[in-house]
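Asks: have a look at this prediction, sequence included:
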Amino acid sequence: MITVNDAFRKFKSRLELNEKEQTNATARHTDVRDYLDTKFEIDRSFLTGSYARYTKTKPLKDIDIFFVLKKAGKDYRAKAPSVVLGDFYDALVEKYGKDAVRKQSRSVNVDFGVVVDADDNTDYRVMSIDVVPAYASGDDYEIPDDDTGKWIKTNPKTHAEKATAAHQAFSSEWKGLVRMVKYWNNNPRHGKEKPVKPSFLIEVMALQCLYGDWQGRFDYEIQGLFATLADRILDTWPDPAGLGPPISDGMDAQQKQRARTLLQTATREASLAIDHARQGRNGEALKAWRALFGPKFPLS
């Protein structure tokens, strides 16, 4: 029977994007970028978000693409965020159909209709892409925020640099642990609403909550991470780039309390799984971890 630590290694590998998934993702985002180049005056586009930072978990969805608009073109920046989001929405509906396109507060989502099976597999296909209109602002960017009716600053490069630094400082295990917690966050047992929103908040919190030296035990590190996230989920978590609104603003007080409760439950379940292994009940430990995370966690 596989050991718990080896199971975690296998779990981590399963959450990493393989060549087939990367090929499909490339085809999808290239198609979207080529099309929008014909509809808008775009200076450049680039991948960003957790996909670009290698913290994206499975199933593969919501790949972020920044579309940096030319300042000499249509002056969306002088208008309400809803205008540019509406125009991008209309353009994408022309190509992908109304049922596949959805406006969000800072982006437009394109869903490719991929079905996820019981084991969280998508036949190596990306489920969706998020299109983010943007303007360059020095070394930073401004993106529309329809919730506030304002344009907000951000810097994906800073986010990526901080994630890389944290990963290197934690013996190159940081991103794997972040993907695991994000996968837990996607577990359907939580209901329609994820415990932590946006999932980027998990990554932001992990910059501070996952620290020190890697001890070589996935089970202890995960249990400790869940416990620390539960203790600090009510805190205010600023944008790591120091530009936009706090990332924790994505949840209200009631949602944060729910997240805290579910993170505390995850902490207890992790402790029980560790105790199973400590008592020599390896099979029960594996089952407990699978129940906590979902079907990507291996039993053998």
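Replies: Great, that's in hand.
Asks: so where do the helices sit in the protein?
Replies: Remark: helices assigned in the chain by DSSP state H are 4-15, 19-37, 49-53, 81-96, 156-169, 174-185, 200-209, 218-232, 253-278, 282-293.
Asks: and for residue 234, the neighbour number?
Replies: Counted with other C-beta atoms under 10 Å, the neighbours of residue 234 add up to 13. Any C-beta I mention is one placed from the backbone N, CA and C, and that applies to glycine too.
Asks: what residues are up against residue 206?
Replies: 166, 174, 177-178, 181, 225, 229 (C-beta atoms under 8 Å, 6 or more residues apart in numbering).
Asks: no no, residue 232
Replies: Counting by C-beta under 8 Å, 6+ apart, residue 232 touches 205, 208-209.
Asks: return the member of these nearest to residue 248.
Replies: Each of the contacts of residue 232 was scored against residue 248 by C-beta to C-beta, and residue 205 proved nearest at 8.6 Å.
Asks: got the CA positions of the least confident helix or strand in the chain by mean pLDDT in CSV?
Replies: Least confident helix or strand of the chain, by mean pLDDT, DSSP states H and E, is helix 49-53 with a mean of 89. Taking C-alpha atoms only, helix 49-53 is exported to CSV below (Å, rounded to 0.1, in the frame of the first residue of the first chain):
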residue,chain,number,x,y,z
GLY,A,49,-3.3,34.8,-13.0
SER,A,50,-2.7,31.4,-11.4
TYR,A,51,-2.2,29.7,-14.8
ALA,A,52,0.8,31.9,-15.5
ARG,A,53,2.0,31.6,-11.9
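Asks: so how far is that helix from its chain's centroid?
Replies: Averaging C-alpha positions (C-alpha atoms, centre = their mean, to the nearest Å) puts helix 49-53 8 Å from its chain's average.
Asks: what packs against it?
Replies: Applying 3 or more C-beta pairs under 8 Å, 6 or more residues apart in numbering; DSSP states H and E, one finds that helix 49-53 contacts strand 63-69, helix 156-169, helix 200-209.
Asks: recalculate using a threshold of 7 Å.
Replies: strand 63-69, helix 156-169 (3 or more C-beta pairs under 7 Å, 6 or more residues apart in numbering; DSSP states H and E).
Asks: just send the helices of the chain back as a markdown table, with distance to residue 144 too.
Replies: Listed next are the helices of the chain as a markdown table, based on distance: least, C-beta to C-beta, whole Å:
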| stretch | distance to residue 144 |
| --- | --- |
| helix 4-15 | 31 |
| helix 19-37 | 15 |
| helix 49-53 | 16 |
| helix 81-96 | 3 |
| helix 156-169 | 15 |
| helix 174-185 | 25 |
| helix 200-209 | 17 |
| helix 218-232 | 30 |
| helix 253-278 | 23 |
| helix 282-293 | 35 |
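Asks: least confident of those, on average?
Replies: Here the helices of the chain differ in mean pLDDT, and the lowest is helix 49-53 at a mean of 89.
Asks: quick one: residues in contact with that one.
Replies: 56, 63-64, 159-160, 163, 200, 203 (C-beta atoms under 7 Å, 6 or more residues apart in numbering).
Asks: distance of residue 162 from residue 204?
Replies: 9 Å (C-beta to C-beta, to the nearest Å).
Asks: looking at those two, which one has more neighbours?
Replies: Using other C-beta under 10 Å as the criterion, residue 162 and residue 204 rank with residue 204 on top: 20 against 16.
Asks: quickly note the distance from that one to residue 158.
Replies: With C-beta to C-beta as the criterion, residue 204 and residue 158 are 12 Å apart.
Asks: now list whatever residues contact both of the two.
Replies: Common neighbours of residue 204 and residue 158, counting by C-beta under 7 Å, 6+ apart, are residue 240.
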